[in-house]
Each structure stands twice: as structure tokens, then as C-alpha cells.
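Asks: Let me see the structure of the following:
(one chain, ligands or ions: 1)
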Amino acid sequence: MTGFVDLHCHWIAGIDDGVKTPDEGVELLRRLRAAGFGLVVATPHMRPGMFDNDRRALELAFAAMCPRLSGREDLPEVHLASEHFLDDVVFGRLVKGQGLPYPDLGSDGGSTKEPPSGARRSRGVLVELSPQAFPAQVQRRFFDLVRAGLRPVLAHPERYQPVWKDDTCLDPLLDAGACLLLDVCALVGKYGRASRKAAEKLLDEEAYEAACSDAHRPADADVVTEAIEALDKRVGRAETTRLLRDGPRGILGL
Ligand SMILES: [Fe+2]
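Replies: Coordinates of the predicted model:
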């Protein structure tokens, strides 16, 4: 199957814990294309104290990679966003319009699809939380993001310890307008048993809007291929297509 869209991938070199060299980045993209992804969004970390990237640094790093990708038929289309760690600093940047939400490819990508008259379409924005505990006032923060025209796309909810205990802790975030993004590799145990069980439960509850690779190395693409097979086996082809193609396309406004 082709035409998958990956909303979460660390293929830009030397800027976070993703690929270390530009060659590795190109190789990761090549392997994801072979795994069925026709479009891959780079989502390098924005996490003060760990990955001190701001929007400008990420835009420059993306631009530095792009010449290596042009004219290559064996590579997917690429775009830039970021994985925003929702601490006070990054939250402040987001509400001030200084983050890197997903591009709206429906308005600047040539689509004729228009938002309802007078309405400004909100942009999806990839956010991650601490794995141990949700921050205080997390629902309020999500409401503030929505008010700022951003729809939170929560990265790998299956990896958060509060979700392992009781996944209804996600309800306030969903009520605020967020959607959930599965890291498909959780299904083959990449992050341990608890994450796998949580992912399977959320899949059974049809809680996910989309799925992604969160790949950091070229070799991760092999795990992604195995994980897509596991997803297909569990939910069937139509749901796999929704999670890896239609859901992500919707988040990009396509
Ligand atoms: Fe990530």
C-alpha cells in the first residue's frame, strides 16, 4: 500500500535525538517511502533544556536538508513542523504564534477545498507531555491552544504513565478539542508491554485520529513496516488506511 502520511518523524540531522547525519536522514526518508509513506513531516523536538530549538533554528535545519532531497523519485514529499514539549516556555511560544504547527496544505498546497465562509481553519499542532504525569491545568492549556487557532495533536498517548493506569485521563483533552496520534511501533513492543497494551486498548476504543512512525534512525523503518502489519492484522485494512492516510491528511487540511 502507498499514500501513507507520516505526521511525526525525526529525519532532520543533528538537531535533536533523531538522525545524526544528513545521509542518515535521506536514508530514513528513502526507507519510509519504501514502507508506503508518500509524505513525511519532519517534527524535530522543541524542548527547552534538552533540545533548545526555536522555530528559526528548525526552519534553517530543514532548509539545509532540502537540497539533498530534490529530484529524488525514491523519496517522499516533505514538510516541516515540530514536536512541542508542553512546558511553560513552549506553551507561551505557541499561543504567541511562535511555534511550528502543521502546514495547512489545503490552503497553500493547491487544493480547492475552502473552509466554511468566514471561518479560519485551525492548524494541527503536535504536542508531547511528560511521560510520568500530565502538567497542572493541562485541559485549560489545551483550551487556550484551541482559542489561539491550534488543534492539539497529542503525540504517543500510549506512552504516558497516567494513560496506562486509566485512559479516561485523556477525556478532558479530547473534550478540549485534541486528537490522538498513535506511534504505530508501540504495537510491536518497541516501548514495552504497558505501552503496547495501552495502544491496543485505545485502538479498540477507536480513540486515535491518526498513526505515525516517530522514526529516529534508518533502521526504525523496518520496525515501522512490521508495526503496520500488526496494525493491519488488528484493525483491518480500512481502519489502517484511515489511521495512516485519511486521518493524517485531514490534519494537514487535505
Ligand atoms: Fe518524536
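
Asks: so how many other residues sit close to the residue of the stretch 151-254 of the chain found nearest the ion?
Replies: Nearest residue of the stretch 151-254 of the chain to the ion, counting by CB to the ion: D214, 4.5 Å away. No exception for glycine: its C-beta is placed from N, CA and C like everyone else's. Counted by other CB atoms under 10 Å, the residues lying close to D214 total 27.

Asks: give me every residue that touches it.
Replies: By CB atoms under 8 Å, 6 or more residues apart in numbering, the contact set of D214 is 8-10, 155-156, 183, 185.

Asks: Tell me which entries of those lie within helices.
Replies: Members of the contacts of D214 lying in helices (criterion: DSSP state H): none.

Asks: okay, and the helix or strand of the chain with the least pLDDT?
Replies: helix 105-108 (a mean of 75; mean pLDDT, DSSP states H and E).

Asks: any idea how far the residue of the stretch 151-254 of the chain closest to the ion lies from G99?
Replies: Here D214 is placed at a distance of 19 Å from G99 (CB to CB, to the nearest Å).

Asks: for V125, same thing?
Replies: Distance from V125 to G99, by CB to CB: 6 Å.

Asks: any common contacting residues for those two?
Replies: Joint contacts of V125 and G99 (CB under 8 Å, 6+ apart) are 84, 150.

Asks: element containing G97?
Replies: Using DSSP states H and E, G97 sits within no helix or strand.

Asks: Give me the pLDDT for it.
Replies: G97 carries a pLDDT value of 95.

Asks: How about the residue in the stretch 51-200 of the chain that the ion sits nearest to: what's its closest non-neighbour residue?
Replies: For the stretch 51-200 of the chain and the ion, the shortest gap (CB to the ion) falls at E83, measuring 4.7 Å. In space, and not counting its chain neighbours, E83 is closest to T43: 4.5 Å by CB to CB, 6 or more residues apart in numbering.

Asks: And A221, by the same measure?
Replies: R31 (3.4 Å).

Asks: What is the neighbour count of the one you found?
Replies: 21.

Asks: And for the one 4 residues further on?
Replies: Counted with other CB under 10 Å, residues neighbouring A35 total 22.

Asks: cool, R217 as well?
Replies: By other CB under 10 Å, 18 other residues sit near R217.

Asks: dump the residue contacts of it.
Replies: Shown in contact with R217 (CB under 8 Å, 6+ apart): 18-19, 24, 28.

Asks: how about it, secondary structure?
Replies: coil (DSSP: H, G, I helix; E, B strand; the rest coil).

Asks: Quick check: phi and psi on it?
Replies: phi -140, psi 150 (degrees, to the nearest 10).

Asks: pLDDT score for it?
Replies: 97.

Asks: on that earlier part again, which of the helices or strands spans the residue nearest to A221?
Replies: Counting by DSSP H and E, R31 is part of helix 22-34.

Asks: mind listing what the following helix or strand past that helix pairs with, with the direction of each?
Replies: Next in sequence after helix 22-34, counting helices and strands by DSSP H and E, comes strand 37-42. The strands beside strand 37-42 in its sheet (DSSP bridges) come out as strand 4-9 (parallel), strand 77-80 (parallel).

Asks: For the next helix or strand along the chain from strand 37-42, name the packing helices and strands.
Replies: Next in sequence after strand 37-42, counting helices and strands by DSSP H and E, comes strand 45-46. For strand 45-46, the packing partners by 3 or more CB pairs under 8 Å, 6 or more residues apart in numbering; DSSP states H and E come out as strand 83-85.

Asks: Quick check: which helices or strands does the strand it packs on pack against?
Replies: Checking 3+ CB pairs under 8 Å, 6+ apart, strand 83-85 ends up next to strand 45-46, helix 88-95, strand 123-128.
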